[in-house]
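In: Can you look at this prediction? I've put the sequence above it.
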Amino acid sequence: MLQEIRAAPERVEVMLSRESKPLQQALARFRKERPPLVFVAGRGTSHHAAIFAHYLFERFLATPVAGAQLSLFTLYPAPLNVKGALAIGISQSGESTDVVRALRAVRKLGAYTLAVTNTANSPLSKVADHTLLLHCQKERAVAATKTYVASLVAMLMIARALGADLGEGEMKGIPAAAQAALSCEEAIVEAVPYYRYATACICLARGFNYCTVREIALKLQETCYIGAVGMSAADFLHGPIAMLGETTPLIAFAADGPAYRSMSEFVARMQKQGADILTFSNREAIARLSTMGIHCPFKLREALSPIPFAVLGQLLACHLALARGNDPDAPRRLRKVTRTL
């Protein structure tokens, strides 16, 4: 798992160099007239990449996004009005049965379909009009790491191909930001002993990093066997805060940008109430408000920050699993490919 986390910057660089031009050509039809809807399907980690896509396409393209409710293609099939839409299916293995079924169905209903996968000639690729390969080579650990990071970058590539204001310089800066996150590994290792015996935790963020807290909570669940949940810091204040106890740490992600002030005020409030908060940020001030802070000086705007934050959270989950005596490469009861209907 550690090797694969550390491979993310290089694999992202390869994907950007090999897939950008073919993707631009494939989506050229949408640059004069953007699709009326973007439809995104994914399970687990891939669903979290779809959440990121939701924020990206609505914020930068003013295009409404629908996240696929996959049971509507398996348990309760019904035709959808998706003619002219762009439909994206995300599956690292390309073998998620319900995602494949959803993409096949919407293609028949008139959507242009795009597969995002790490596996060429996979079932998902075969039902898509175009495939964006993640170029992550084989991922051996069960928990998705480099493929999740690459999936986030794939969503940025798609947004840019559709006309989003994401400059070439920003895209080229993504591998360096992921590398900056890797440089924080020693600080994360030093923090891990404080959370070795935690049985539950809550991961919190706002805006673009909602996908981050959902994904890192999943990583903590599957590698550390911790009762972790990921939610919006705003939603947390609307009820779940009542369950916060002295032995339930909070893990916050706060990037410099529009959501930073809200997160800074949230962390300060929680600290006053005696909460144990571990904060990841590219600004130092919020780290000083926290029980423990990991300052990672990456240089990306907030909309792109889920990429280095994903690396930071993966490192936390992996090292915490090791500290707890778990094998993060082979979590109990899990397999690399999960097929659901």
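Out: Sure, I can see it. Numbers count the residues shown, from 1 in each chain.
In: Would you map the strands across this protein?
Out: 38-41, 65-67, 86-90, 112-117, 130-133, 200-205, 227-232, 250-254, 277-281, 292-295 (DSSP state E).
In: Which of the ones you listed sits closest to residue 186?
Out: strand 292-295 (10.3 Å; C-beta to C-beta). For glycine as for every other residue, the C-beta is placed from the backbone atoms N, C-alpha and C.
In: Can I get that closest one as CSV, trimmed to CA atoms?
Out: Provided in CSV are the C-alpha atoms of strand 292-295 (Å, rounded to 0.1, in the frame of the first residue of the first chain):
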residue,chain,number,x,y,z
MET,A,292,-2.4,18.3,16.2
GLY,A,293,-1.8,19.8,12.8
ILE,A,294,-0.1,18.5,9.6
HIS,A,295,1.0,21.5,7.5
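In: if we can go back for a sec, just name the most buried of the strands of the chain.
Out: Highest mean neighbour count among those (mean count of other C-beta atoms under 10 Å): strand 86-90, with a mean of 30.
In: elements contacting it?
Out: strand 38-41, helix 45-61, helix 97-108, strand 112-117, helix 146-161 (3 or more C-beta pairs under 8 Å, 6 or more residues apart in numbering; DSSP states H and E).
In: Distance to residue 9 and mean pLDDT for the ones you listed - can I get that in CSV?
Out: Shown next, in CSV, are these (distance: least, C-beta to C-beta, whole Å; pLDDT from 0 to 100):
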stretch, distance to residue 9, mean pLDDT
strand 38-41, 25, 97
helix 45-61, 18, 97
helix 97-108, 27, 96
strand 112-117, 19, 98
helix 146-161, 9, 98
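In: Out of the ones you listed, flag the one nearest residue 78.
Out: helix 97-108 (9.7 Å).
In: The closest one: how far from the chain's middle?
Out: On the basis of C-alpha atoms, centre = their mean, to the nearest Å, helix 97-108 sits 22 Å off its chain's mean C-alpha point.
In: Please apply the same query to stretch 322-330.
Out: Centroid separation between stretch 322-330 and its chain, computed with C-alpha atoms, centre = their mean, is 22 Å.
In: Next, the buried residues of that stretch.
Out: 322, 324, 326, 328-329 (16 or more other C-beta atoms under 10 Å).
In: Can you tell me which of these is nearest residue 34?
Out: Out of these, the member with the shortest distance to residue 34 (by C-beta to C-beta) is residue 328, at 41.0 Å.
In: got the phi/psi numbers for the closest one?
Out: Dihedral pair for residue 328: phi -70, psi -20, per degrees, to the nearest 10.
In: Which residues does stretch 269-276 contact?
Out: 244, 246, 248-250, 277, 289-291 (C-beta atoms under 8 Å, 6 or more residues apart in numbering).
In: Show me which of those residues is closest to residue 32.
Out: residue 250 (46.3 Å).
In: Identify the residue nearest that closest one in space, chain neighbours excluded?
Out: Of all residues not flanking residue 250 in the chain, residue 277 sits nearest, at 4.6 Å (C-beta to C-beta, 6 or more residues apart in numbering).
In: Would you enumerate the residues in contact with the one you found?
Out: Residue 277 touches 249-252, 267, 270-271, 289-292, counting by C-beta under 8 Å, 6+ apart.
In: how about JSON lines for the helices and strands packed on strand 86-90, with distance to residue 18 added?
Out: Formatted as JSON lines, these follow (distance: least, C-beta to C-beta, whole Å):
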{"stretch": "strand 38-41", "distance to residue 18": "23"}
{"stretch": "helix 45-61", "distance to residue 18": "19"}
{"stretch": "helix 97-108", "distance to residue 18": "22"}
{"stretch": "strand 112-117", "distance to residue 18": "14"}
{"stretch": "helix 146-161", "distance to residue 18": "11"}
